[in-house]
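A.B. asks: from the sequence below, what's the structure:
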Amino acid sequence: MAATSKRVIVTGQVQGVFFRDSCRQTAAGHGVQGWVRNLPDGSVEAVFEGEPEAVDALVEWAHEGPPAAVVDDVTVTEQEPRGHSTFQVRATALSPGQDR
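C.D. replies: Below you'll find the predicted structure:
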């Protein structure tokens, strides 16, 4: 079966609750590649890539997150797979105009 890729934005109390590391562990358990990072507005962005059933499982997980998270909303966008070979926790995205 062909790989699929989904970009998700998770809003709520999702930073400072081990969301990114829990996401990485869950992705590894499902064989999903991609990445996750915090956004400056307090949300979390992730890309899940792999077998459709595994990607869907990660999207479902994102609606709950780790035990300390309070998820308000999850926005899911389908996109073309980019051939990710691992799952990474990326650094927090910078606000527009912020120096690196």
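A.B. asks: show me where this protein has helices.
C.D. replies: Under the criterion DSSP state H, the chain contains helices at 19-30, 52-62.
A.B. asks: for the last one, what is the average pLDDT?
C.D. replies: Put plainly, it is helix 52-62. Helix 52-62 shows a mean pLDDT of 98.
A.B. asks: which strands or helices does that helix pack on?
C.D. replies: On a contact count with 3 or more CB pairs under 8 Å, 6 or more residues apart in numbering; DSSP states H and E, helix 52-62 meets strand 4-13, helix 19-30, strand 44-50, strand 70-79. (Glycine included, C-beta is placed from N, CA and C.)
A.B. asks: tell me the most buried of those?
C.D. replies: Stretch with highest mean neighbour count among these: strand 44-50 (a mean of 24; mean count of other CB atoms under 10 Å).
A.B. asks: among the helices of the chain, which is nearest residue 68?
C.D. replies: Of all those, it is helix 19-30 that lies closest to residue 68, at 8.5 Å by CB to CB.
A.B. asks: any idea of the angle the closest one forms with strand 44-50?
C.D. replies: Interaxial angle of helix 19-30 relative to strand 44-50 (axes from the mean of the first three to the mean of the last three CA atoms, to 10 degrees): 10 degrees.
A.B. asks: so how far is helix 19-30 off the chain centroid?
C.D. replies: 9 Å (CA atoms, centre = their mean, to the nearest Å).
A.B. asks: pull it out as CSV, backbone CA atoms only.
C.D. replies: Coordinates of each C-alpha in helix 19-30 appear next as CSV, following Å, rounded to 0.1, in the frame of the first residue of the first chain:
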residue,chain,number,x,y,z
PHE,A,19,3.6,16.2,23.8
ARG,A,20,6.5,16.1,21.4
ASP,A,21,8.4,13.2,23.1
SER,A,22,5.2,11.2,23.6
CYS,A,23,4.4,11.8,19.9
ARG,A,24,7.8,10.5,18.9
GLN,A,25,7.4,7.4,21.0
THR,A,26,3.9,6.7,19.6
ALA,A,27,5.1,7.2,16.0
ALA,A,28,8.0,4.8,16.6
GLY,A,29,5.5,2.2,17.9
HIS,A,30,3.4,2.5,14.8
